[in-house]
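>>> Predicted coordinates and the sequence they were generated for:
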Amino acid sequence: MSAYNVTCHACGAANRIPAEREGQAGLCGKCRTALPPLYFRPQPLTERTFDAFVNAYPGQVLAEFWAPW
Ligand SMILES: [Zn+2]
């Protein structure tokens, strides 16, 4: 089972997030501050879903735009 470490922005504690919890928000195990949902894989978004996803995400987002032509 793979897992990823997420650093809490409030206390700096490393939180181990199992890969199967991708996209789910959690709480810091040390200070209980809300952690943003973590995405391990690129999230395919469309013209209809992009704004809602980016505006709702509490952290930084790296966007790559792609088209078949
Ligand atoms: Zn914390």
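All right, it came through fine.
>>> Show the backbone phi and psi for the one residue sitting closest to the centre of the chain.
In the chain, the C-alpha nearest the mean C-alpha coordinate belongs to residue 38, at 2.4 Å (C-alpha atoms, centre = their mean). Comment: the main-chain dihedrals of residue 38 come out as phi -110, psi 130, following degrees, to the nearest 10.
>>> and it, what is it in contact with?
With contact taken as C-beta atoms under 8 Å, 6 or more residues apart in numbering, residue 38 is in contact with 4, 6, 17, 21, 22, 23. Bear in mind the C-beta positions are built from the backbone N, C-alpha and C, glycine included.
>>> ok, of those residues, which come out buried?
Among the contacts of residue 38, those that count as buried by neighbour count (16 or more other C-beta atoms under 10 Å) are 6, 17.
>>> Now render the contacts of residue 38 as CSV, adding secondary structure, distance to the ion and pLDDT.
CSV is the format used below for those (DSSP: H, G, I helix; E, B strand; the rest coil; distance: C-beta to the ion, whole Å; pLDDT from 0 to 100):
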residue, secondary structure, distance to the ion, pLDDT
4, strand, 16, 88
6, strand, 10, 88
17, strand, 13, 90
21, helix, 17, 91
22, coil, 20, 88
23, coil, 20, 87
